[in-house]
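> please work out how this folds:
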Amino acid sequence: MLCENDVGAQAVLRRRFPDTDLRCDVREQRSIHKNTDLLTAGFPCQDLSQAGRTKGIRGLRSGLIGEVFRLLRRRRVPWLLLENVPFMLQLGRGRALDVIITELETLGYRWAYRIVDSRAFGLPQRRRRVYLLASIEHDPRDVLLTDDSGPPPDEPDFRTVACGFYWTEGIRGLGWAVDAVPTLKGGSAVGIPSPPAILFPSGRIIKPDIRDAERLQGFRENWTKPAEEVVRPGMRWRLVGNAVSVPAAAWIGRSFVAPGYYDDVWDAPLLKGSPWPTAAWNVGTGRFSSAVTEWPQRRKARHLEAFLHYPGALLSIRASEGFRSRTRTSSLRFPLGFLSALDAHIRRMRQNERDGPSFPVSSRV
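Model (predicted):
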């Protein structure tokens, strides 16, 4: 069974999973089927923004994570998998995550969580997400924490590879990613896209095509195309940005089928009030931090420039100049040479207006 209330996402799910029971609103779900093995859920972390001023998760009845626990209190399932942004570990000085795992412990679940970067699976997208796995009978560490490839590889010189950034920022953030795009965002609720920009070594700056955005999440291109039957095309960016990277989900699925054995010899107890680490667990003996990294695997990745299949759209003069003006009032430190490249892009775009295109047609240069 799938539960989704976004009409565009519903259209995609009906097309891609036609034999699966699709429900529209988790709040209308009275119970979990008795044969359920695994319950998965993603939820807005903003639901927990008032956690410090409420009586635990029961004070958040309108929050979607509260609906998950409402169902679990009626019938516990063998496995639970939650996904969210790393901000969940900081929200309310860590109170948000504490609310969730305290409820899990109350229900008798063993749990483990881990921040995972989608780049570990060969995708040129820097996308860090928290996966929290809990079980009634089994050790979730054997699924989530046994694979580890160590710290990420060294980044190349950004001037030699394509780099992603968010042109909609510039004052408090940049979303800079070397040889990758920053985390793809959902865009607006009315379908206004929020794609990143990509700066190539040639100086060309583009916004990627939605089909490449799908591929950057691990989908086949045009996976979200069925959404256009019911919503405006720009809504596809929202679906892609809200999705879980396919290779990350597949890795967890394979780990369910063939779990390892987790060795906790290097782990240490979590001190009350200390920041949440990259990974942690409690299997009934107390809360511990884990030494695993954000990279459970290290698949060989193609460079971002070679990964892209479509030329994308040049970042417009208006967008480029708006971003540039924000940088002038910002206290951010930008990579050396980045702003010069942006200024050169603006000059060439103005020349394009006067003399015709001067940039190469393809993004592969």
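> rest of the way, CA atoms for contacts and neighbours
Noted.
> which parts of the chain belong to which domain?
Domain assignment of the chain by automatic domain parsing yields the ranges 2-151+245-289, 158-242+301-355.
> so what's the gap between the last one and the chain middle?
Between the centre of domain 158-242+301-355 and the centre of its chain there are 16 Å (CA atoms, centre = their mean, to the nearest Å).
> and what of the longest one?
In terms of CA atoms, centre = their mean, the centre of domain 2-151+245-289 is found 13 Å from the chain centre.
> first to last residue in that domain, what's the distance?
33 Å (CA to CA, to the nearest Å).
> what is the rounded mean pLDDT of that domain?
Mean pLDDT, domain 2-151+245-289: 90.
> ok, the last one next?
Predicted confidence along domain 158-242+301-355 averages 93 (mean pLDDT).
> next, the distance between the ends of that domain.
For domain 158-242+301-355, the end-to-end distance is 30 Å (CA to CA).
> how about the contacts made by residue 270?
Going by CA atoms under 8 Å, 6 or more residues apart in numbering, residue 270 touches 287-289.
> from residue 115, how far out is it?
Counting by CA to CA, the gap from residue 270 to residue 115 is 17 Å.
> OK, contacts around residue 178?
Contacts of residue 178 (CA under 8 Å, 6+ apart): 155-156, 158, 161-164.
> phi, psi for it please.
When read as degrees, to the nearest 10, the backbone of residue 178 gives phi -90, psi 130.
> same deal with residue 207?
Per degrees, to the nearest 10, the backbone of residue 207 is at phi -110, psi 130.
> residue numbering should commence at 36 henceforth.
Done: numbering now begins at 36, and the last item shifts to residue 242.
> that one reaches residue 347, doesn't it?
Yes - counting by CA atoms under 8 Å, residue 242 touches residue 347, with 5.5 Å between them.
> residues in contact with the residue nearest to residue 275 when sequence neighbours are not counted?
Nearest non-adjacent residue to residue 275, counting by CA to CA, 6 or more residues apart in numbering: residue 249, 6.2 Å away. Residue 249 is in contact with 255-259, 275, counting by CA under 8 Å, 6+ apart.
> which residues touch the helix or strand containing residue 284?
With elements taken from DSSP states H and E, the one containing residue 284 is helix 281-292. Residues from elsewhere that reach helix 281-292 (CA under 8 Å, 6+ apart): 151, 153, 156, 177-179, 252-254.
> again, but for stretch 51-58
Against stretch 51-58 from outside (CA under 8 Å, 6+ apart): 36-40, 45, 48-49.
> kindly give a single PyMOL line that selects the buried subset of the residues you listed.
Here is the PyMOL command that selects only those of the contacts of stretch 51-58 that count as buried (16 or more other CA atoms under 10 Å):
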select buried, resi 38+45+48
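> just the contacts of stretch 51-58: which are in helices?
45, 48-49 (DSSP state H).
> mind putting those into JSON lines with distance to residue 295?
Shown next, in JSON lines, are the ones in helices among the contacts of stretch 51-58 (distance: CA to CA, whole Å):
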{"residue": "45", "distance to residue 295": "35"}
{"residue": "48", "distance to residue 295": "32"}
{"residue": "49", "distance to residue 295": "35"}
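> thank you kindly, that will do.
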